[in-house]
Every structure is written in C-alpha cells, then in structure tokens.
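# would you be able to build a 3D model of this:
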Amino acid sequence: MPDLSKVPVTVVTGFLGSGKTTLIRHLMRNPQGKRLAVLVNEFGTVGVDGNILRDCADENCPADNIVELANGCICCTVADDFIPTIETLLAREPRPDHILIETSGLALPKPLLRAFDWPAIRSRITVDGVVALADAEAVAAGRFAPDPAAVEAQRAADESLDHETPLSEVFEDQIACADLILLTKADLAGESGLAAAREAIAAEAPRPIPMLAVTDGAVDPRIVLGLNAAAEDDLAARPSHHDGTDDHEHDDFASAVIALPDAADPQGMADAVAALGRDHKVLRAKGYIAVADKPMRLLVQAVGERVRHQFDRPWGAEPRLSRLVVIAERGDLDPAAFAARLGGTVEASDI
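Numbers count the residues shown, from 1 in each chain. Model prediction:
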C-alpha cells in the first residue's frame, strides 16, 4: 500500500549568518531515527552551504537527498524550481520521513508557505513548523530591531524618510512567520544580551512565540522536529510587510563572486574579509579558500566584520579554486573594490 500520509517539512529561516547551516548539520547528526532530506536555497551563484551539508551525509540523509538551489529565492521561482525539487525528493526510495528547507538569509518565509498550497504537492507535504534563527548578539546590539524613539525623531525631522530599512523588514517578516525562535550565538551574547534580544523580539512578534537560546546549533531535535504546526493553514496569524502583494523583490540586495589567489595564511585572509564588513558594509561573505602549501581547503564565513574560518577537508580531486561570495545592499555592493581589497578578480556579479 502506498504511504498517503503527508511528509512534514521544517522551514529554517533567519538572517544572514544566523547559524541555519550549523543547526541543520546538528539535526542531520541527530535525526531521531528519521530519514531526512534537505533543500538548501542560496543567494548568489556559488553554493557553499550545500557543500558543507553534503560533508555530513550519511545513511539517514544520503548525499542524493541534499539538493541545492542557488541564485534565486525559491519563493520567487515556485513553478520552475521549488515544486519540481520537492517532487523529486518525495519520489526518492525510500521516501524521506522529514524534509528540512534552509532558506536564503534574504528570504521572506510567508510567500514560501503559500507555495505549499500548490495542487501538485498540497496533499503530500505539510509545514511542520517554521524555525527562525536570530543572532542574539546582533539583536541585542540593536542592529536589526527598530528603535521607536529614533524612528519618531527621524519622522519629526523629515516626514519623507523611509523609516523601514530592507534589513529590518526581512528580520521582522521572519520573526512574524515563526513557530519557534532560536536565539543563536548565545555564548557571545551572554545573559544580559539574551535578555535584551528576547525583549526586542517580543516587541516585534505578532503573538507570543517560544524562544530558546542555543550555541553552535546544539538543540534537542525533538524540540525542532514535530511541531505539528501545519503552518500553511495558519497564514493569517503570520503578518508580513508584503501582505497583499503577489510576490516580492530582492532588488535591495546584490551579490558578487570574487576569485582569489592562494592565501598566504588563514588569519590574513580572515582579517581582509573582516575589513570588507567594516569598511564596505558587506553583510555576508562565505566561500572556500586555498591556502599556500596546505592540502586542506579553508572555509570562511563572515557576518559583517565577524569572521569564522576553519580547515574543513582536503581538496581532493576538485580544483583548488578560491572563491568568495559577498552579499551587500545594492547601493553598497562594489565588486571591483572588493576584489581589489582582497587581491582578486570579479568572477560574477548580479548588478
């Protein structure tokens, strides 16, 4: 007899660098006996997160069950990319018990939830829950939480000002759509930072939403998987800045791929990437770097000027090509300047 039960899907959303890939790696390592499949949506032409996750593939989540859609928001390309990919995953033998979707850091989750009502898949899958990750240290610092007093001061000074930045709208939409909020980088935020982050998020949330502090994605999978929210049937409780529109645009953001020579040393590369965040307002940078005389590839991930880097595995048979994807607000993206700062060349850009 065919299995007519709906396959649960967990949507993992959150701002750039909030720890989505780290969380999914943790879930892959602790699947609670479930056979998983993962769909990764990147912003930019070079995928990094998919490769990171494939390195964790095992019998519970084989490499064939990890699919990456790069250079296009899945909620904007539903018919062309999202629906066929979901159908492919559902056709796997054996069928996945649970599907994880990692959205891009710039994605608005509500349009994606609407896609689950498409006739081709609505009887076969359900949104078990939307898990939003928020960088507790950043939120506590007020980077993505509006300051009502400051907004009022700006409005008084100039009524024509746009009081909502693109980043704040993305952040607020992700929070409003969530069934569970994970406050990541808890170790960096500390108790006072976590308290400030909880207060800021609660002020933006349209309803009480559970919040849990985590470090390095370490959370009991039973908390994340099995929320049974059927979120696609609960859209009215998840308000969005973009309600009433048929789609949304990502024109506020742009990305570029920078090709680089071998790095002399890891710390020097990390310092150069940090300088991009500090001096050029780069929101996110990630990629693999070849280090001179080292057989291992260097994984570099940055949020603003905070950079993490580590050797993850040998290059093996793949080409030793150093490439870094950088994402910034469109007005701040200057691929030629970024390449010059890093000593590389512009390989691709969407501006």
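
# CA only for contacts and neighbour counts going forward, please
Fine.

# now do whichever strand in the chain runs longest: distance to the chain's middle.
If you go by DSSP state E, the chain has its longest strand at strand 125-135. Relative to the chain's own centre, strand 125-135 is displaced by 12 Å; criterion: C-alpha atoms, centre = their mean, to the nearest Å.

# partner strands of that strand, with direction?
The strands that strand 125-135 pairs with in its sheet are strand 7-14 (parallel), strand 180-184 (parallel) (by DSSP bridges).

# regarding stretch 88-108, how distant is the last residue from the first?
One end of stretch 88-108 sits 24 Å from the other (C-alpha to C-alpha, to the nearest Å).

# all helices for the stretch 151-300 of the chain, in order.
166-176, 186-204, 221-224, 266-279 (DSSP state H, counting those that start in this stretch).

# nearest to Asn41, out of those?
Checking the helices of the stretch 151-300 of the chain against Asn41 by C-alpha to C-alpha gives helix 166-176 as the closest, at 15.4 Å.

# show me which positions of that closest one end up buried.
Using 16 or more other C-alpha atoms under 10 Å as the test for burial, helix 166-176 gives 166-167, 169-176.

# swap in stretch 121-133?
For stretch 121-133, the neighbour count (16+ other C-alpha under 10 Å) marks 121, 124-133 as buried.

# can you check stretch 208-220 too?
209, 211-215, 217-219.

# residues making contact with it?
Contacts with stretch 208-220, where a contact means C-alpha atoms under 8 Å, 6 or more residues apart in numbering, come from 19-20, 22-24, 26, 178-187, 194, 198, 202.

# what's the answer for stretch 176-194, then?
Identification of contacts with stretch 176-194 by C-alpha under 8 Å, 6+ apart yields 18-19, 109-110, 129-137, 140-141, 175, 197, 204-207, 209-217, 224, 227, 229, 238-240.

# what bridges to Ala259?
The partner residues for Ala259, given DSSP bridges, come to Arg323, Thr345.

# and it, what does it touch?
321-324, 339, 344-347 are the contacts of Ala259 under C-alpha under 8 Å, 6+ apart.

# any of those buried? List them.
Looks like those have 322-324, 339, 344-346 buried, using 16+ other C-alpha under 10 Å.

# could you dump these to TSV with distance to Val303 and pLDDT?
Output for the buried ones among the contacts of Ala259, formatted as TSV (distance: C-alpha to C-alpha, whole Å; pLDDT from 0 to 100):
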residue	distance to Val303	pLDDT
Ser322	19	92
Arg323	17	90
Leu324	13	91
Ala339	18	91
Gly344	20	93
Thr345	22	94
Val346	20	92
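
# same list (those residues) but as TSV, adding distance to Phe116.
What follows is the buried ones among the contacts of Ala259, written out as TSV (distance: C-alpha to C-alpha, whole Å):
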residue	distance to Phe116
Ser322	37
Arg323	35
Leu324	33
Ala339	40
Gly344	42
Thr345	41
Val346	37
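
# mind putting the strands paired with strand 125-135 in CSV, distance to Ala275 included?
Converted to CSV, the strands paired with strand 125-135 look like this (distance: least, C-alpha to C-alpha, whole Å):
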stretch, distance to Ala275
strand 7-14, 24
strand 180-184, 24
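
# for the stretch 251-351 of the chain, give me the ranges with low pLDDT.
Residue ranges of the stretch 251-351 of the chain with pLDDT under 70: 251-252.

# and the helices in the stretch 1-150 of the chain?
Using DSSP H, counting those that start in this stretch, helices in the stretch 1-150 of the chain cover 20-29, 49-54, 83-90, 109-115, 136-140, 148-157.

# check those helices for me: which has the lowest mean pLDDT.
The minimum mean pLDDT among those belongs to helix 148-157 (a mean of 46).

# next, count neighbours for Asp332.
Using other C-alpha atoms under 10 Å, the number of residues around Asp332 comes to 14.

# which residues touch it?
Applying C-alpha under 8 Å, 6+ apart to Asp332 gives the contacts 280-282.

# select from those the one having the most neighbours.
Neighbour tally across these (other C-alpha under 10 Å): the maximum, 25 neighbours, falls on Val282.

# between the buried residues of helix 166-176, which is nearest Met269?
The shortest approach to Met269 among the buried residues of helix 166-176 belongs to Leu167, at 26.9 Å (C-alpha to C-alpha).

# tell me the spacing between the residue nearest to the spatial centre of the chain and Ile209.
Residue closest to the average C-alpha location in the chain (C-alpha atoms, centre = their mean): Gly105, at 3.6 Å. The gap separating Gly105 from Ile209 is 20 Å, by C-alpha to C-alpha.

# that older thread, ok and the longest strand of the chain relative to helix 20-29, angle-wise?
On the basis of axes from the mean of the first three to the mean of the last three C-alpha atoms, to 10 degrees, strand 125-135 is oriented at 130 degrees to helix 20-29.

# neighbouring contacts of strand 125-135?
6-15, 17-20, 113, 116, 174-175, 177-185, 224-232.

# how many degrees apart are that strand and helix 83-90 in direction?
Using the same axes, to 10 degrees: strand 125-135 against helix 83-90 is 100 degrees.

# with just CA atoms, put strand 125-135 into CSV.
This file holds the C-alpha atoms of strand 125-135, laid out as CSV (Å, rounded to 0.1, in the frame of the first residue of the first chain):
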residue,chain,number,x,y,z
ILE,A,125,3.5,17.6,2.4
THR,A,126,2.8,19.9,5.3
VAL,A,127,4.8,22.6,7.0
ASP,A,128,5.6,21.0,10.4
GLY,A,129,6.9,24.4,11.6
VAL,A,130,8.9,27.5,10.8
VAL,A,131,12.0,27.9,12.9
ALA,A,132,13.5,31.4,12.8
LEU,A,133,17.1,31.9,13.9
ALA,A,134,18.1,35.2,15.3
ASP,A,135,21.7,36.2,16.1
